[in-house]
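[1] Mind looking at a prediction? Sequence and model below.
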Amino acid sequence: MKLYLAAAVLMLVLAVHTEAQDEPTLEQRFATFQTQVKAIADDLTEKTKSTFQQLDESEFATKTKGWFSEQYEKVKLKLSESFN
C-alpha cells in the first residue's frame, strides 16, 4: 500500500514539475514584451508616416498650399508697389 502511495505522489510531483517548467521565466516575458512593444511602435510609426504622406498629397492640401502661395505673391506685389 505504501509503495502505491509513494508512486502516486511521485507521479504527482513529476506532473507538477513538468507543468512548472513550461511557464516562461521573467527574462523571457520581458523579452517578449520588448518585442511586442517594438512591433507596436514600428506599426504606429508606419501608419503615422503614411497618414501624413496622404494628407500632404491630398487635393485639399494641394489647393491650400496653392492658395497661400497666391496670397503671398499678391501681398508681396502690393508691398513692392507701395514702397517703390
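    Thanks, I have it. No experiment lies behind these values; they were computed from the predicted model shown.
[2] Stretch 32-52 - what's its average pLDDT?
    For stretch 32-52, mean pLDDT rounds to 95.
[3] any residues touching it, and which ones?
    Pro24 (CB atoms under 8 Å, 6 or more residues apart in numbering). In this view, the C-beta of every residue, glycine as well, is placed from N, C-alpha and C.
[4] what does stretch 59-66 give?
    Here stretch 59-66 makes contact (CB under 8 Å, 6+ apart) with Leu55.
[5] Which secondary structure element of this protein has the lowest mean pLDDT?
    Lowest on mean pLDDT, DSSP states H and E among the helices and strands of the chain sits helix 2-22, with a mean of 73.
[6] how far out from the middle of the chain is that one?
    Here helix 2-22 is found 44 Å from its chain centre; the criterion is CA atoms, centre = their mean, to the nearest Å.
[7] What residues sit buried inside stretch 17-36?
    The neighbour-count check on stretch 17-36 (16 or more other CB atoms under 10 Å) flags nothing as buried.
[8] What's the end-to-end length of it?
    Using CA to CA, to the nearest Å, one end of stretch 17-36 lies 29 Å from the other.
[9] just how off-centre is that stretch within its chain?
    Stretch 17-36 sits 22 Å away from the centroid of its parent chain (CA atoms, centre = their mean).
[10] continuing past the least confident helix or strand of the chain, what's the next helix or strand?
    Once the chain leaves helix 2-22, the next helix or strand it forms, by DSSP states H and E, is helix 26-57.
[11] for that following helix, the distance to its chain's centre please.
    Chain-centre distance of helix 26-57: 2 Å, with CA atoms, centre = their mean.
[12] One more: stretch 48-65?
    On the basis of CA atoms, centre = their mean, stretch 48-65 sits 22 Å off its chain's mean C-alpha point.
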